[in-house]
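In: Fold the following, please.
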Amino acid sequence: MPSSNVQESQQRTSRADVDAVDVTELAEHIEEVDEDGASFTYREWLLLAPAALALSYLPLVLAFGQELLYSTRGGEPHLLGFALMAALVGVAATATGHLFDDAKHVAETTDWSPNPTHYTVAGTAVVTVALVGRVLFLDGTIARPAEFVGGVVIVSVLLSSVVAGPIYVFRRRRRLE
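Out: Here you go, the predicted structure:
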């Protein structure tokens, strides 16, 4: 009986190895672009997702008001606002990390060497200016500016792919075609 368990274990290990290879081949197949270059790769879709999600919130804000996106309303938790913002931050943070991975992959496999830090810093700056400007425009003042700006910068780093993702994809397609 012990030899039977060893054989089953070896078979399971070899199946897992085969599955891993199949997944890699599938990922490479998904990356292939049509002859006309019109279709997006899964890497590009991941980078475009935060901007698409952020733009999908625009009709909701126009229909229900910007309070819909607040995570608190008069001291009470607002679950829908928290869920919408958590989804955006989660997708954007994942895409920001993916931008670094994709730039590394592109630099290793092509003659273009994009610097992901430039994209992330530019995206962070745009989001920071937008968030600080929004508060100054609506409220006129910021009670604790250093703490507020520090928090906004942290959130802006996570959300930088909302701005940087589409720009990177545009430049990636232009450089690699």
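
In: Going by C-alpha atoms from here, please, whenever you check contacts or count neighbours.
Out: Will do.

In: Return the distance of stretch 170-177 from the chain's centre.
Out: Mean-position distance between stretch 170-177 and its chain equals 19 Å (CA atoms, centre = their mean, to the nearest Å).

In: And residue 139, what's its pLDDT?
Out: Residue 139 carries a pLDDT value of 72.

In: That one - how many residues pack around it?
Out: Residues lying near residue 139 (other CA atoms under 10 Å) number 9.

In: host element of residue 112?
Out: Counting by DSSP states H and E, no helix or strand carries residue 112.

In: wait, doesn't it sit right on residue 103?
Out: No - at 9.1 Å, residue 112 does not count as touching residue 103 under the criterion of CA atoms under 8 Å.

In: Between the two, point out the one with more neighbours.
Out: residue 103 (19 against 13).

In: how close does the residue sitting nearest the centre point of the chain get to residue 85?
Out: Centroid check for the chain by CA atoms, centre = their mean gives residue 95 as the closest residue, at 2.1 Å. Residue 95 sits 15 Å away from residue 85, going by CA to CA, to the nearest Å.

In: Might you report the residue contacts of the closest residue to the residue nearest to the centre of the chain other than its chain neighbours?
Out: Sequence neighbours aside, residue 47 is the residue nearest to residue 95 in space, at 5.4 Å (criterion: CA to CA, 6 or more residues apart in numbering). By CA atoms under 8 Å, 6 or more residues apart in numbering, the residues touching residue 47 are 95-96, 98-99, 161, 165-166, 169.

In: How about residue 167?
Out: Residue 167 sits next to residue 119 when contact means CA under 8 Å, 6+ apart.

In: Good, we can wrap up now.
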